Structure formats: structure tokens, C-alpha cells
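*Asks:* pasting the structure only:
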């Protein structure tokens with residue numbers, strides 16, 4: 001057994017420095033479960049930003065959750081961690097700050113991805129995994145040139161390019177299995193019951209629509225298409241529509257709610273993270289842009305119809321790569337994926353996805369009972 005794996009086998013208290021974004025956190029759950037499997041004797045503590053703390057509370061693979069705020073300095077976080085006397089740590093983010101927090105905690109074994117400005121803070125900096133694909137942003141000039149050439153897109157990246165494998169690569173270095181698992185998020189029964197009571201009696205299937213994407217408008221399917229889809233779901237399935245997202249999504253959901261009317265609930269910005277997970281679990285199907293709620297819906301076991309624009313489903317698709325429960329709609333343009341927040345061209349990657357096409361994908365789920 002390699003020394004690094006032996007160190008984790010002998011560790012009694014292991015720190016996992018979690019990631020800072022909701023979607024990434026969900027994609028990291030398979031690695032946390034594999035680490036739990038590899039180190040059954042250890043107490044696993046997960047450190048994350050306070051906004052994601054509820055996501056990990058009650059997760060079966062984690063013994064303790066520690067959080068920090070945006071105002072907390074790395075020094076303050078490190079001193080707090082030092083009191084816990086961790087034996088070893090895995091660091092999921094690639095940032096210098098996350099490595100500095102763990103270095104300041106004087107954890108003797110510190111494992112994470114090699115990157116400039118932080119390698120000296122790691123005892124074991126790891127090389128990139130096989131199949132790694134960099135998410136490089138295209139320039140506006142490059143996008144216009146590719147669209148003018150109008151060549152078909154190249155072959156898709158290998159399955160191992162999915163970001164879920166990034167975290168599995170890190171825990172595999174310390175002796176855990178690298179085989180993927182479906183991302184899994186636990187929902188507390190009392191929170192689920194609270195949401196059921198809040199929803200009341202439903203006259204039709206509950207369909208969640210998540211029209212936002214915090215990254216930027218290049219990820220967002222047009223609002224008009226969501227309106228058309230919601231009206232069609234009400235007509236075709238007598239569906240109970242619920243609009244979900246954060247406070248920043250309220251202007252979008254408010255406009256959709258006003259245009260659609262009928263059996264529609266606008267809960268954007270009106271749920272905690274734990275409540276959002278619960279309502280997503282209670283939906284029969286969720287239609288979402290590439291976003292945190294998309295990953296969260298998959299993590300609680302709900303079928304997802306995922307709409308991809310500027311990003312790549314091969315890298316950040318919902319659930320376990322290749323899982324047939326979820327359906328990905330991706331109209332790959334010559335310039336796709338560009339990874340930009342705003343489209344400098346004609347936004348064809350998402351404009352060409354029609355409401356009838358998305359309705360057909362939803363119908364595959366609802367029609368299956």
C-alpha cells in the first residue's frame with residue numbers, strides 16, 4: 001500500500017475541504033462516499049462555505065460539518081481547524097485559499113490538485129487525471145470565426161472528462177476506489193414533510209422549472225420558451241408548475257408566473273437550501289438549465305431534463321454520466337462549448353431548443369407513470 005494510502009488508513013480524523021458551488025458540491029458526493037468506504041474507521045469532517053452547510057447536514061458519509069463565512073480570513077479558518085487536530089486532509093477546490101486554510105491548520109498530510117501558488121502548501125500535489133479537459137473560454141473573435149466557418153463540432157470528450165471524476169481522482173490517490181457512483185443528497189424527513197404540507201393537495205403531477213443560472217445569461221434558456229413550455233404542460237398534463245431558484249432568479253420567475261397564471265407557484269427565493277432539495281425531490285420531473293438546482297434535483301433522485309447552452313454536458317451533465325433517467329438537450333453550435341457568461345453572437349445553442357422539443361422530453365418521464 002502506498003504511504004499516502006497508509007496514512008489515510010491509519011487516520012482517525014480526516015478533513016475534507018469541500019467546494020464552494022452548489023453544482024460542484026453535488027458532483028463531489030461520489031468521492032466523499034468512496035472516501036467513507038475506504039476509511040470506515042475515521043471520522044470525516046467536511047468544511048464548506050456556510051451557504052452549503054445544509055447540503056451536507058445528515059449526509060450518510062459525513063460525521064461533522066464545519067462552515068465558514070465570506071468574511072472569515074484563511075487565518076481564522078485555519079486556527080479553528082487546528083483545534084480539531086486532523087490527521088489528514090483532502091482538498092477538493094483548486095484554489096490557493098483552500099490549501100492555505102488547511103496548511104494553517106497544520107494538518108500533517110494534505111492532498112489536492114497541483115496548481116501554481118499552492119503546491120508548497122500540499123504534502124502531496126496531484127497531477128491531472130487521465131481524460132481531463134480544460135474548460136477554456138473562447139474569445140468573441142474565435143466564436144465569430146467558428147460560426148462563419150460553420151464546420152460541424154469535433155468528437156465529444158471521453159466519459160472520464162466529466163467533472164465528477166475530478167474529485168474521484170483525488171480520493172483515489174489516498175486509496176479509495178475510483179469507480180463512479182451516482183451523486184446523492186440526503187433530504188431530512190421532517191423537511192420533506194414540511195414541504196408536502198406547504199404544497200397541499202396537488203391536482204396534477206408536480207413539475208419543477210428552474211429558469212435561472214447564476215453563472216450568466218449564456219446558460220439560460222429564453223424566458224419566452226419557459227412560458228410556452230409551462231402553458232403546454234398545464235394543457236397536456238394538467239401539471240402543477242413550480243418555479244424554483246434563488247433570490248436573483250425572482251425577476252425571471254416573476255415574469256414567467258405573470259405570463260402563465262393558472263396552477264403555478266413561484267417559490268424562487270422562498271426556500272432554504274434544505275427546502276429546495278425537498279421540493280425538488282417531490283417533483284415528478286425537473287426542467288433546468290445547467291445550474292446548481294439541476295445537479296441538486298439529480299442528487300435527490302428526480303429525473304431531470306437538462307438544457308445546455310454555453311457549457312458542455314460531457315463535463316457537467318446531471319447525475320452519473322450515462323445515466324438514462326436524465327435527458328440532456330444540447331444543440332451544439334460550431335462555437336460550442338464557449339464557457340462564456342454572455343453570448344457575443346446569436347445565442348443559437350439555446351434559441352434553437354424549442355418548447356415542443358422540451359415538452360416531448362418531459363412527456364417521456366410523465367408518460368412513464
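*Replies:* Happy to help now that I have it. These numbers come from a predicted model, not from an experiment.
*Asks:* A helix includes residue 167, no?
*Replies:* Yes: assignment of residue 167 by DSSP: H, G, I helix; E, B strand; the rest coil places it within a helix.
*Asks:* residues in contact with it?
*Replies:* 27-28, 30-32, 92 (CB atoms under 8 Å, 6 or more residues apart in numbering). All C-beta spots, glycine's among them, are computed from the backbone N, C-alpha and C.
*Asks:* which helix or which strand is home to the residue lying closest to it once chain neighbours are set aside?
*Replies:* Setting aside the residues directly before and after it, residue 167 is nearest to residue 31 in space (CB to CB, 6 or more residues apart in numbering), at 3.5 Å. Per DSSP states H and E: residue 31 is located in helix 22-38.
*Asks:* for that helix, packing partners?
*Replies:* strand 13-17, strand 43-49, helix 53-56, helix 164-172, helix 292-299 (3 or more CB pairs under 8 Å, 6 or more residues apart in numbering; DSSP states H and E).
*Asks:* hmm, back to that, now do the contacts for the residue nearest to residue 167.
*Replies:* 92, 164, 167-168, 170-171, 176.
*Asks:* ok, so of those residues, who is nearest residue 356?
*Replies:* residue 164 (31.3 Å; CB to CB).
*Asks:* per-residue pLDDT, the closest one?
*Replies:* pLDDT, residue 164: 96.
*Asks:* then residue 1?
*Replies:* 67.
*Asks:* disregarding flanking residues, what is the spatial nearest neighbour of residue 181?
*Replies:* Distances taken as CB to CB, 6+ apart place residue 30 nearest to residue 181, at 4.1 Å, with adjacent residues excluded.
*Asks:* closest to residue 107 out of the helices and strands packed on helix 22-38?
*Replies:* strand 13-17 (6.1 Å).
*Asks:* give me the mean pLDDT for stretch 20-29.
*Replies:* 97.
*Asks:* what lies in contact with it?
*Replies:* 18-19, 48-49, 52, 55-56, 59, 61, 92-93, 163-164, 166-167, 181, 183-185, 273, 290-296, 298-299, 316.
*Asks:* just the buried residues of the contacts of residue 167.
*Replies:* For the contacts of residue 167, a neighbour count by 16 or more other CB atoms under 10 Å gives the buried set as 27-28, 30-32, 92.
*Asks:* pick out the most distant pair among those.
*Replies:* Maximum distance among the buried ones among the contacts of residue 167 (CB to CB): 11.9 Å, for 30 and 92.
*Asks:* need the contact list for the residue nearest to residue 181.
*Replies:* Residue 30 neighbours (CB under 8 Å, 6+ apart): 164, 167-168, 180-184, 320.
*Asks:* ok, 10 Å please
*Replies:* 61, 164-165, 167-168, 171, 177-184, 320 (CB atoms under 10 Å, 6 or more residues apart in numbering).
*Asks:* list buried residues within those.
*Replies:* Members of the contacts of residue 30 classed as buried by 16+ other CB under 10 Å are 61, 164-165, 167-168, 171, 178, 180-184, 320.
*Asks:* list the contacts of the least confident helix or strand in the chain by mean pLDDT.
*Replies:* Every helix and strand of the chain was ranked by mean pLDDT, DSSP states H and E. The lowest is helix 140-149, at a mean of 91. Applying CB under 10 Å, 6+ apart, the contact partners of helix 140-149 are 136, 138-139, 153, 333-336, 338, 340, 342-346, 348.
*Asks:* from these, which is closest to residue 268?
*Replies:* For those, the nearest to residue 268 is residue 342 (21.3 Å; CB to CB).
*Asks:* residue 219 contacts residue 310, doesn't it?
*Replies:* Yes: using CB atoms under 10 Å, residue 219 is in contact with residue 310, at 5.8 Å.
*Asks:* quick one: common contacting residues for these two?
*Replies:* 213, 290, 339-343, 349-350.
*Asks:* what's the closest of the residues you listed to residue 120?
*Replies:* residue 339 (29.4 Å).
*Asks:* that closest one: what's it in contact with?
*Replies:* 134-138, 215, 218-219, 310-312, 315.
*Asks:* equivalent analysis for residue 43, please.
*Replies:* 11-15, 62-64, 84, 86-87.
*Asks:* now that we have those residues, which one has the most neighbours?
*Replies:* residue 15 (27 neighbours; other CB atoms under 10 Å).
*Asks:* isn't that residue right up against residue 48?
*Replies:* No: contact criterion CB under 10 Å: residue 15 and residue 48 do not qualify, at 11.3 Å.
*Asks:* overlap in contacts, those two.
*Replies:* Common neighbours of residue 15 and residue 48 (CB under 10 Å, 6+ apart) are residue 66.
*Asks:* and the end-to-end length of stretch 68-84?
*Replies:* 15 Å (CA to CA, to the nearest Å).
*Asks:* report the buried residues of that stretch.
*Replies:* 68, 74, 77-78, 80-81.
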